[in-house]
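Asks: Sharing a model that was predicted from the sequence below.
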Amino acid sequence: MPIGADAGGPEAGGGQSGVSEIISVEAVNIDSALSLINGYISKKINLSHSKVIVISESLATRRYF
C-alpha cells in the first residue's frame, strides 16, 4: 500500500514532507535486487532508512536465505 504525501510530514515526526514510492523487483538475492533498483532510480538505496522490507515466504524458507 503506497504511503500518502503527508506520511513523512512534521506531524508524523518525519521532519519533511514528500511522497514515498514502493518499488518491487525480482532477483536471485538482495544484492542483485539493490543493483537493479539503483539502476532504476536517481539516488542510491540505503537500507538503514527502511522501515519495512517485505520478503516472500518462498524466499524466507530457503535454506540459504
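Replies: It's in.

Asks: Can you give the contact residues for whichever helix in the chain runs longest?
Replies: Ranked by number of residues, the top helix in the chain under DSSP state H is helix 30-40. Contact with helix 30-40 is made by 23, 25-27, 44-45, 47, as judged by CB atoms under 8 Å, 6 or more residues apart in numbering. C-beta here means a position set from N, CA and C on the backbone, and glycine is covered the same way.

Asks: how about the strands in the chain?
Replies: Counting by DSSP state E, the chain forms no strands at all.

Asks: Give the residue spans of it that score low on pLDDT.
Replies: The chain contains residues with pLDDT under 70 at 1-17, 65.

Asks: what are the ranges of the helices in it?
Replies: Going by DSSP H, the chain shows helices at 30-40, 57-60.

Asks: Which positions in the longest one come out as buried?
Replies: Spelled out, that is helix 30-40. Within helix 30-40, the residues that qualify as buried are 33-34, counting by 16 or more other CB atoms under 10 Å.

Asks: now do the shortest one
Replies: Across helix 57-60, burial judged by 16+ other CB under 10 Å covers no residue at all.
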